[in-house]
Structure formats: structure tokens, C-alpha cells
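J.: I would like the atomic coordinates for the input below:
(one chain, ligands or ions: 2)
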Amino acid sequence: MSFQHVAIIGLGLQGGSIGLAVQACLPGVITTGYDRDPATRARAAERRLVQTVCETASEAVAGCDLVIFCVPLGAMGMAAEKVREALPAHALVSDVGSSKQVVAKALAEALPGHTVIPAHPVAGTENSGADAGFAELFRNRWCIVTPPPQTNLVKLSELVAFWEALGANVEIMDPEHHDLVLAVTSHLPHLIAYTIVGTASDLEEVTQSEVIKYSAGGFRDFTRIAASDPTMWRDVFLSNKDAVLTMLQRFTEDLTALQRAIRIGDGETLFNHFARTRATRRSIIEEGQDDARPDFGRADHSSAAD
Ligand SMILES: NC(=O)c1ccc[n+]([C@@H]2O[C@H](COP(=O)([O-])OP(=O)(O)OC[C@H]3O[C@@H](n4cnc5c(N)ncnc54)[C@H](O)[C@@H]3O)[C@@H](O)[C@H]2O)c1
Ligand SMILES: O=C(O)C(=O)CC1(C(=O)O)C=CC(O)C=C1
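T.: Ligands and ions are numbered 1, 2, ... in the order given. Below you'll find the model as predicted:
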């Protein structure tokens, strides 16, 4: 492994999982980490998410050759500025942010002169914080790497090898295209899930307790992701505004067409639509990509690493 010392800024689900995965998959590589929340630092140390939890971001990056920012999208620039003085000149800068164009800009502006190669492991759960991380999170999952033009190819291949060592399958993508694809595959589903939970719980005719009581089936499956962290998702929608609005427009048009079919009793349109989309959904299962998370993603992993 080209990297001898990996520094992780932000020790929640992503940062904690990377720290644990590096220790499990790349023994010998030094891991240091920092989180701005003291309680998270304390829990990260208890769970040994990284070998050394530092009291400052500068301490965490001193001597590292790879720093990965694992903070909410809106905090990337600020977190990067904090390490400007202490970050070794040769260190590669990367991140795990859910949208890529805005992060690439924020990191490049905060750390001029450094090689910045953004990345996005398309792997997560609805849980966040220092108890949420687990070493297997990235196994057999995509990690999309979005190198800026003229990226140093050696550094790029080192970052690709890093993610592969953690078990991920790496795809190289243009950041703009990444943001468009993820707007429909990840961001829009979260928006819809958050919305339907709000709609159901605001209905005067349906009480809160009924929503909880009868949500065992479709509602429960469909809305798992609405339990996700509000700060993270606020930042996703603010940072990927244009792509999300484009996809939302398309979605609204499709929904309106189905709404009309229901109103006029057009069973053929409804049946044909459902038949087509069922086939698409089933092909996702056949390709082995069903349920982004493997089974271990559903368990409480805090005890596994304790
Ligand atoms: N949750 C997911 O499913 C998922 C998946 C892929 C990528 N991501 C991306 O990963 C990033 C982190 O998400 P997460 O799920 O790990 O969130 P998280 O809430 O579990 O962890 C984020 C951590 O960052 C810390 N933090 C915030 N500002 C900071 C700062 N300025 N300096 C240092 N620490 C700071 C917080 O205290 C928190 O512990 C986000 O950018 C998100 O878009 C999330
Ligand atoms: O499985 C989940 O809970 C997720 O929401 C994970 C998920 C996704 O939408 O697929 C969420 C955000 C990401 O940036 C990557 C992965």
C-alpha cells in the first residue's frame, strides 16, 4: 500500500468505518483521526475507530500521506482550512461527500497546491455518529472516484488501490455526471421518503400512533432512509441543488401522469407502468445489487468493535 499514514477528519459513520476498515484490511498502516465533537472523540477512542484520536485536526494530519474528510458537505471547506498549516505537502487530499462538484471546489480552494481527488463510497446506512461505523461497510460496494482534469495518474491509482483494499469496487466518473446520477439514485429517494413520513404524520384523519402501528409493511420498507441524519441531508440538497431539481421535475411529471391514470380509471396505463418498473427493480436484484447494504449493515455494530 502506497499510504503509510491515513488521517480521517470526522469520525461518524463514514470516518469510523474507514478507520476500522483500514485497521482490518491494511495492517501496518497508521490511522489517526479527529472530530470536532468531544463526545464523538471519546467514543471513537473507546471503539478504537482509529489508532490515535487527536485533540486537534492539525495533530491528526501531521505526518500523514492521505487525509480523508468525512464531515457533512457544508463543513468540508472549513474542516480543510483547519489542516492547511499542518498538512504535509505530499499528502493526497480526498473525501467521502455525497455530492462531488461542490466538494471538489471547497477542498481545492481551502488547500491550494495539494492534489485533491474527491471520492464517494456509495455505501451507508441510516445511522450516524461514532457508534455507527463498521469495517465491512465498503465491501463489494461501489466507490465512485471523481478526479479533476489533469489529475496525477499515480496518485489516482494509489487512491483506487486504497478503496479496493477496503473491499470496494471503484468507478471513475466525471463529477458533474456523478451528481446527476446520484440525484436520482440516492438524493431523490431520500427526499421522497422524508416527505411521505411528514405527510403521513401530518394527516388530521390519521393519528401518530396509527402511523407507527400500521407501518410494518410498505411504509416501513420505503421509509427506512427517512431516519437518516438531517444535517447530512440538508447539505446534500443544498450542494446538489441543480441536479436534484432536474430529477425532481422529471419525477413530478411521471407522478402526475400516474395521478391522471388513477383519476380517469386508466388501468392499462397503471398496469403497463407497474409491469415495466417491476421488471427494472427485479433486474437490480438479479445483478446482485439489491439492498445497498449487506445483512451486517442492519445490525448494531457498536459491540462488534468494542
Ligand atoms: N451516511 C451515509 O449513508 C453516507 C454515505 C456516503 C457518503 N456520505 C457522506 O459522508 C460524509 C459524512 O457522513 P456520515 O454519515 O459519516 O456523517 P456522521 O454524522 O456520522 O459523521 C460526521 C462527523 O463529522 C463531524 N464534524 C462535523 N463538522 C466537522 C468539522 N468541521 N471538523 C471535524 N469534524 C466535523 C461530526 O461531529 C460527525 O461526527 C458526508 O459528507 C456524507 O455526505 C454519507
Ligand atoms: O442505505 C442507506 O441508508 C443510504 O442511504 C446509503 C446512501 C444511498 O443513498 O445509497 C446514502 C447516501 C450516500 O451518499 C450513499 C449511500
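J.: Any part of whichever helix or strand Lys105 is part of near ligand 1?
T.: Assigned by DSSP states H and E, Lys105 belongs to helix 101-110. No. In terms of Cβ under 6 Å from any ligand atom, no part of helix 101-110 sits within range of ligand 1; the closest distance is 7.6 Å. Bear in mind the C-beta positions are built from the backbone N, C-alpha and C, glycine included.
J.: Use 15 as the first number for this chain going forward.
T.: I'll keep to 15 as the first residue from here, and by that count the last item is helix 115-124.
J.: Now that helix: buried residues?
T.: Residues 115-122, 124 are the ones in helix 115-124 that count as buried (16 or more other Cβ atoms under 10 Å).
J.: Ok, stretch 77-94 next?
T.: Buried-residue list, stretch 77-94, by 16+ other Cβ under 10 Å: 78-91, 93-94.
J.: and what of stretch 175-189?
T.: 176-177, 179-182, 184, 187, 189.
J.: Between the two ends of it, how far is it?
T.: The first residue of stretch 175-189 is 20 Å away from its last residue (Cα to Cα, to the nearest Å).
J.: Which residue ranges of the stretch 65-214 of the chain form strands?
T.: Assigned by DSSP state E, counting those that start in this stretch, the strands in the stretch 65-214 of the chain fall at 66-67, 80-83, 106-109, 133-135, 156-159, 183-186.
J.: In a markdown table: these, plus distance to Phe288.
T.: Listed next are those as a markdown table, based on distance: least, Cβ to Cβ, whole Å:
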| stretch | distance to Phe288 |
| --- | --- |
| strand 66-67 | 50 |
| strand 80-83 | 42 |
| strand 106-109 | 39 |
| strand 133-135 | 32 |
| strand 156-159 | 28 |
| strand 183-186 | 31 |
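J.: Would you mind saying which of the ones you listed lies nearest Ile278?
T.: Nearest to Ile278 among the strands of the stretch 65-214 of the chain is strand 156-159 (41.0 Å), distances taken as Cβ to Cβ.
J.: which helices and strands does that closest one pack with?
T.: strand 133-135, helix 167-179, strand 183-186 (3 or more Cβ pairs under 8 Å, 6 or more residues apart in numbering; DSSP states H and E).
J.: Which among the ones you listed is found nearest to Gln263?
T.: strand 133-135 (23.6 Å).
J.: List of residues touching the closest one?
T.: Identification of contacts with strand 133-135 by Cβ atoms under 8 Å, 6 or more residues apart in numbering yields 28, 108-112, 114, 151-152, 155-160, 173, 177, 182, 192, 196.
J.: touching ligand 1 at all, stretch 188-203?
T.: No. Using Cβ under 6 Å from any ligand atom, stretch 188-203 never reaches ligand 1; the gap is at least 8.3 Å.
J.: Next: stretch 24-32.
T.: Yes. Stretch 24-32 is in contact with ligand 1 by Cβ under 6 Å from any ligand atom, via 24-29.
J.: Among the residues you listed, which one lies nearest to ligand 1?
T.: Nearest to ligand 1, judged by Cβ to the nearest ligand atom, of the residues of stretch 24-32 next to ligand 1 is Gly26 at 1.9 Å.
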